[in-house]
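Participant: here is the input, now give the coordinates:
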Amino acid sequence: MFFREKIEDCTEYSVDRLVFGTAQLEEEVTLSEAGLVDECTVNALVELEGGKRKRKKKVYTTPKKVGHKHKKRPKALLEYFSVEASGKVKKLK
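Facilitator: Residues are numbered from 1 along each chain as shown. Presented below is the predicted three-dimensional model:
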């Protein structure tokens, strides 16, 4: 019995291609002809029937909102306090 037929018996799918390592195995190859020994990994590739249609990308009509950015103000403390002529500190806010 051929290798491809063994895999198709185990699964309910028909095998499209067999890959061992980087080489693709031929159609009518037995285990010994392919050079396979115990615990070798063989990838069985199955053809799928179609897929969902890709979703159309959204086109945004308004520009993105720009987040609040911190503005550095030199001498911002002067808005909260003032110094009188006598040297007293007066709160403004």
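Participant: so Arg17 makes contact with Leu45?
Facilitator: Yes - between Arg17 and Leu45 there is a contact under CB atoms under 8 Å: 4.4 Å. Where C-beta positions appear, they are placed from N, C-alpha and C, glycine not excepted.
Participant: quick one: the helices in the chain?
Facilitator: 3-10, 31-34 (DSSP state H).
Participant: mean pLDDT for those: which is lowest?
Facilitator: Ranked by mean pLDDT, the helices of the chain end with helix 31-34 in last place, scoring a mean of 68.
Participant: where in the chain is pLDDT low?
Facilitator: 1-3, 22, 27-34 (pLDDT under 70).
Participant: now do the end-to-end distance for stretch 53-69.
Facilitator: 41 Å (CA to CA, to the nearest Å).
Participant: not counting its own residues, what contacts that stretch?
Facilitator: Outside stretch 53-69, not one residue touches it by CB atoms under 8 Å, 6 or more residues apart in numbering.
Participant: tell me the buried residues in that stretch?
Facilitator: Judged by neighbour count (16 or more other CB atoms under 10 Å), stretch 53-69 contains no buried residues.
Participant: against Ile7, how distant is Leu45?
Facilitator: 11 Å (CB to CB, to the nearest Å).
Participant: between the two, point out the one with more neighbours.
Facilitator: Ile7 (16 against 11; other CB atoms under 10 Å).
Participant: please, where are all the strands along the chain?
Facilitator: Remark: strands assigned in the chain by DSSP state E are 17-20, 23-24, 42-45, 81-83, 89-91.
Participant: next, count neighbours for the nearest residue to Phe20 once chain neighbours are set aside.
Facilitator: Leaving aside its chain neighbours, Phe20 sits nearest to Val42 (5.0 Å; criterion: CB to CB, 6 or more residues apart in numbering). Using other CB under 10 Å, the number of residues around Val42 comes to 14.
Participant: isn't Val42 right up against Gly21?
Facilitator: No - look at Val42 against Gly21 with CB under 8 Å: they stay out of range, at 9.0 Å.
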